[in-house]
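Colleague: coordinates only, sequence not included:
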């Protein structure tokens, strides 16, 4: 007899009530009296557990009663409605097979553990309610993103992870090498002889797939990337990881306005999908992790995102400068405290801030007519601050070259990128969504280490 | 007026015939006579192009007639049925705006280019028919995989790319470091002082997410990974890349038989999805890249995969040893020529080869009762050879430790993995599907460099 999932029992219970079923899962708790006992089982397919009642008529009653939390069992029995109980049904077991016992030192006894402690057992924490919910939602968010773009005909592009360029100089990079670090081969002048390295040149882990993504947008019109990205920054904060996933759509024949419309529909789509597919998990977060989460997310789905230029935003913030640790002034980048003030206090919903000073933005952003600002946009959301950063790209060959010279970039490194402005250039735009920040936003979890299965941060690369 | 995609015109043409439409795309070819001209436009949304007819009544008739292949244009006009022509309709243009001209040295003139040459312009090759087809299919295959697993309740897990362990010692690894290679810090004994490295230890790029994936299967029951994987192997073949994507499902309460059923349904699902979603591209491959492709794929969808044990397979191959460069013998791994002979000549369909000698397989595979073979499986397909490798995992703590000792593995490095056998161990199994091989299989493309947007191979890390 096939094992049925607990999810299937919950979704189609009418079909199974009064019938024999067989499930496999892990013991969350167990208590016994003389003649019978109760086991709460979770099989990983569904947030809610299932109660199993077993009796001393079973040959292995003693063995079962001695089971520890975490043990794996297979249960055969009848699914019975329990109208008086909190849960809708339970299994009256005919047979409980022990698939794998759980040693007495199982670290996840039935009590509350701190997130800090659970981080030290990253291989076991998905067995807890919180992390089961987090990582199922993470999976659903990823799928919602693919679904959103695929339904709109976007082509998914795998941009490379190992790169010979530094993209926009966006951040510190990890070196990738097969050289023997104990005996690094050197040139006569003492520099490293990279001709002996695997790729015959210096290579690193990518900080963004955007420039590569743009080349595909100029062939497919609408594309997106979704892959890992790396920063070797020494930032030990709750929002930074050395390895994280990023989504970078790129759209041709499109301007900054199209870009914002895309970002807004995408975020609304993701939220709606997760609310619909994981109501149990989302209720759990709302009750135990972040009260007000559901209200906030529902509000986002049902309201238009606000829009404000950077210059207007600075005016607004300047009037409240006494509230901030870092004082704002035109030309300086916004800090998280400013971003959160705008989205949480001023607009009370997501807000697009546009047209940033060119000096704090990347070389490829389209220059506005004022020659001082560029067609950039950040999307700020309550509880997080910046979740999306995008821009319309400079599509004029001469302007792009001029800007690269101003910023001392080496033209030769960007020949392929300039080609796009030489052969059928189009208005185009795109943005980057930090996947982990998106999961934090949807779950209310406060530390990026708690939304990545095996987080990599400064001095931490466990498991 | 919004730009409409060529795909939308083809899918819902009744809605648009006789109406004004506006499209944006790139010129594939152009020819003009005195009073009018024809432009073939591709907008990247659909494999088939669209013909645009323009007239000398337009102000910019001369400008248009001078356009080069590759130029980007926006066309407004009426969609007209063309029952006499090969294509179902064309646009009678009212207006052709030049969005971006294409310089005279555009490398993709209207002629056939070799795949070798096109590899040198990886940023432009998706604008050709072949690569437009390849990379749309690649995107659809990726989505089909997500769809297959998500519809079955599998949880998508992002296993880490940067790792402190070497998994199964499955291959040569790339080192990841932020140490200054010109001045590598050393310990007194001359070894590298990794305490000064970013993660405070030696780290590399992963060769498999399986061991991490298993930890999540013991929480969610059914999971899959889909992410980049790396091999620093000096193999300059048509089937090896240094960076590639891999899918690794892992299922708990499941044995090798369940594993094979999962692999078979997954492959059939992917093929059906792509045949349905990209008929134009698949017809193109069948006509111009690999004649017989469609027949082969349809055959796979409609037939049960064959099954044979390694020992039986050796018997069969041994009788035909004169056909092989490498002669087979029990205990040696199968070479590609053997694999292809089995699937192409003997079974003429995909075949699962099971129960390999333990000495040629990884430490974590479940020992069979004969104590000589393990519950491993490779899936071989015509045209490729091995496309999937999987196994049931050893779930017995003592047997696993014994096997690790035999293979001189350091127990301390695998503590988290052994924990899974200590706390609620279950039968479980999984497999790895090489994503690029899967795309090659579906398109008939013969070189892995032609199914990766920006391939990374020995001595090659361009763009």
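Modeller: The structure has been received and is ready for your questions. Model, not experiment: these values are computed from the prediction. Numbering: from 1, shown residues only, chains lettered A, B, ... in the order given.

Colleague: where along the stretch 51-200 of chain A do the strands fall?
Modeller: With DSSP state E, counting those that start in this stretch applied, the stretch 51-200 of chain A shows strands at A:72-81, A:89-100, A:155-156, A:162-163, A:175-177, listed in chain order.

Colleague: What is the fourth one packed up against?
Modeller: What it means is strand A:162-163. strand A:203-205 (3 or more C-beta pairs under 8 Å, 6 or more residues apart in numbering or on different chains; DSSP states H and E). Backbone N, C-alpha and C define where each C-beta goes, glycine included.

Colleague: Quick one: distance of the strand it packs on to the chain centre.
Modeller: Per C-alpha atoms, centre = their mean, to the nearest Å, the displacement of strand A:203-205 from the mean C-alpha position of its chain is 23 Å.

Colleague: Same question for stretch A:278-293.
Modeller: Between the centre of stretch A:278-293 and the centre of its chain there are 17 Å (C-alpha atoms, centre = their mean).

Colleague: ok, now stretch A:212-228?
Modeller: Centre to centre, stretch against its chain (C-alpha atoms, centre = their mean), the figure for stretch A:212-228 is 20 Å.

Colleague: Now mean pLDDT and mean neighbour count too, for the strands of the stretch 51-200 of chain A, in TSV please.
Modeller: Formatted as TSV, these follow (pLDDT from 0 to 100; neighbours: other C-beta atoms under 10 Å in any protein chain shown):
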stretch	mean pLDDT	mean neighbour count
strand A:72-81	98	20
strand A:89-100	98	19
strand A:155-156	98	24
strand A:162-163	96	22
strand A:175-177	96	25
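
Colleague: for those strands, which one sits closest to residue A:379?
Modeller: Among those, strand A:155-156 comes nearest to residue A:379, with 21.7 Å by C-beta to C-beta.

Colleague: what's the neighbour count on residue A:241?
Modeller: Neighbour count of residue A:241, defined by other C-beta atoms under 10 Å in any protein chain shown: 23.

Colleague: Wasn't it part of a strand?
Modeller: No - applying DSSP: H, G, I helix; E, B strand; the rest coil, one finds residue A:241 to be coil, outside a strand.

Colleague: Quick one: residues contacting the closest residue to it other than its chain neighbours.
Modeller: Leaving aside its chain neighbours, residue A:241 sits nearest to residue A:448 (5.1 Å; criterion: C-beta to C-beta, 6 or more residues apart in numbering or on different chains). The contact partners of residue A:448, taken as C-beta atoms under 8 Å, 6 or more residues apart in numbering or on different chains, are A:238-241, A:244, A:436-437, A:440, A:455.

Colleague: Least confident of those residues?
Modeller: Ranked by pLDDT, the contacts of residue A:448 bottom out at residue A:239, which has 90.

Colleague: before we move on, the earlier item: can you select the buried ones from the contacts of residue A:448 in ChimeraX?
Modeller: Applying 16 or more other C-beta atoms under 10 Å in any protein chain shown to those, the buried members can be selected in ChimeraX as follows:
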select /A:239,241,244,436,437,440,455
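
Colleague: just the contacts of residue A:448 now: which is nearest chain B?
Modeller: residue A:455 (8.2 Å; C-beta to the nearest C-beta).

Colleague: give me phi/psi at the closest one?
Modeller: The phi/psi pair for residue A:455 (degrees, to the nearest 10) reads phi -70, psi 150.

Colleague: How far away from the center of its chain is stretch A:324-334?
Modeller: Using C-alpha atoms, centre = their mean, the offset of stretch A:324-334 from its chain centre is 28 Å.

Colleague: now what about it, what contacts it?
Modeller: A:310-311, A:313-314, A:317-318, A:321, A:335, A:337-338, A:341-342, A:353, A:357, A:359-360, A:378.

Colleague: quick check, stretch A:282-289 touching chain B?
Modeller: No - for stretch A:282-289, no contact with chain B is found by C-beta under 8 Å from any C-beta of the partner chain; the gap never falls below 15.8 Å.

Colleague: Need the outlier residue of chain A, farthest from its centre.
Modeller: When each C-alpha in chain A is compared with the mean C-alpha position (C-alpha atoms, centre = their mean), residue A:57 comes out farthest, at 48.8 Å.

Colleague: pLDDT wise, what is that residue at?
Modeller: 94.

Colleague: what does residue A:291 give?
Modeller: If you check residue A:291, the pLDDT there is 96.

Colleague: cool, and residue A:330?
Modeller: On the pLDDT scale, residue A:330 gets 97.

Colleague: next one: the one 3 residues further on
Modeller: Per-residue confidence at residue A:333 stands at 95 (pLDDT).

Colleague: Quick check: it vs residue A:384, distance?
Modeller: 17 Å (C-beta to C-beta, to the nearest Å).

Colleague: Comparing those two, which residue is more hemmed in?
Modeller: Remark: of residue A:333 and residue A:384, residue A:384 carries more neighbours, 21 against 15, as counted by other C-beta under 10 Å.

Colleague: just checking, the more buried one touches residue A:440?
Modeller: Yes - between residue A:384 and residue A:440 there is a contact at 6.4 Å, judged by C-beta atoms under 8 Å.

Colleague: hang on, isn't residue A:50 packed against residue A:90?
Modeller: Yes - using C-beta under 8 Å, residue A:50 is in contact with residue A:90, at 7.0 Å.
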